[in-house]
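**Student:** here is my input; please provide its structure:
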Amino acid sequence: MAWLFLLIAAGFEVTFAMGMKYAEGFTRLWPSLITVLAAIGGVYFLTLALRELPVSIAYPIWTAIGSLGTVFLGFVLLGESLTLIKLLSVGLIVAGVVGLK
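**Tutor:** Here you go, the predicted model:
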């Protein structure tokens, strides 16, 4: 169950990160509310996952999934570029998480 909680937490983390962009400095009501709720949801589910998983594993995985999801959605939804450096950096994030596990 802890791994499921961690995946849910990571989904909230991606929603939180993307929501910050759409909230435009918390000047737009609905994106701002979604952003705040996603932050709360992410921390809540991460806390549930940490009941069983070591923090040295769960937290980096949570942040890595959040980073990777945000890079992907930034490309798909916001038209952000995927440069070679960005792709190599994403690969290093994955390699770091794999190394921890």
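**Student:** how about the helices in the protein?
**Tutor:** Here the chain has its helices, by DSSP state H, at 2-23, 29-49, 55-78, 84-100.
**Student:** got the buried residues for the shortest one?
**Tutor:** Across helix 84-100, burial judged by 16 or more other Cβ atoms under 10 Å covers Val90, Ile93, Val97. C-beta here means a position set from N, CA and C on the backbone, and glycine is covered the same way.
**Student:** how about these in TSV, adding distance to Pro31 and pLDDT?
**Tutor:** Converted to TSV, these look like this (distance: Cβ to Cβ, whole Å; pLDDT from 0 to 100):
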residue	distance to Pro31	pLDDT
Val90	25	93
Ile93	26	93
Val97	29	89
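**Student:** format these as JSON lines; extra columns: distance to Ile40.
**Tutor:** Converted to JSON lines, those look like this (distance: Cβ to Cβ, whole Å):
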{"residue": "Val90", "distance to Ile40": "27"}
{"residue": "Ile93", "distance to Ile40": "25"}
{"residue": "Val97", "distance to Ile40": "24"}
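**Student:** quick one: which of the residues you listed is nearest Gly66?
**Tutor:** For Gly66, the closest of the buried residues of helix 84-100 turns out to be Ile93, at 10.2 Å, with distances computed as Cβ to Cβ.
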